[in-house]
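*Asks:* starting from these lines, generate the structure:
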Amino acid sequence: MAGFEGEIHPVAPEVYGYSVSGLEVVKSWLGYRKKNPRGRSSSPLDEIRPEHWTGELPRELLELLWVVEATVEREPEFAELLAEITSSEVFTADELPEPTEEERTPPKVETGAAQDKLY
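*Replies:* Reported below is the predicted structural model:
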């Protein structure tokens, strides 16, 4: 793979072509970081991007590749787990306990100079 002042290789085809619900993860990541980005724009925030390849981007790309590589390696394990889960007994919503009024109350947020805290 090339795209900055250097190359990253080898990148396995199954890692480079890995997709989730039709989104090719690595190609999409690279596409959004091009001078003329690919992909859809869903908000003005999509226009906020680096104007050039920054020093952090190679590390981000490597981390993405590592995560996708680990995911591809574990897919058989994930498939077995999914099959086990979907073939197990299910329960209905009316079998769940009814929450108390206290459990239904959203937490209070205390804002302060240091950090927001949930109570």
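
*Asks:* how about Val109, phi and psi?
*Replies:* Dihedral pair for Val109: phi -110, psi 120, per degrees, to the nearest 10.

*Asks:* wait, I meant Ser88
*Replies:* Backbone torsions for Ser88, taken as degrees, to the nearest 10, come to phi -80, psi 170.

*Asks:* from Glu80, how far off is it?
*Replies:* Distance, Ser88 to Glu80, using Cβ to Cβ, to the nearest Å: 13 Å. (C-beta placed from N, C-alpha, C; glycine too.)

*Asks:* more neighbours, those two?
*Replies:* A count of neighbours by other Cβ atoms under 10 Å puts Glu80 above the other of Ser88 and Glu80, at 10 against 7.

*Asks:* before we move on, what SS does the more buried one have?
*Replies:* Three-state assignment for Glu80 (DSSP: H, G, I helix; E, B strand; the rest coil): helix.

*Asks:* quick check: it vs Glu69, distance?
*Replies:* Relative to Glu69, Glu80 is positioned 19 Å away (criterion: Cβ to Cβ).

*Asks:* now His52
*Replies:* Distance, His52 to Glu69, using Cβ to Cβ: 27 Å.

*Asks:* out of the two, which sits in the busier spot?
*Replies:* Taking other Cβ under 10 Å, His52 and Glu69 do not tie; Glu69 has more neighbours (15 against 7).

*Asks:* what's the more buried one in contact with, if anything?
*Replies:* Glu69 is in contact with Ala12, Val15, counting by Cβ atoms under 8 Å, 6 or more residues apart in numbering.

*Asks:* name the element it belongs to?
*Replies:* Using DSSP states H and E, Glu69 maps to helix 57-87.
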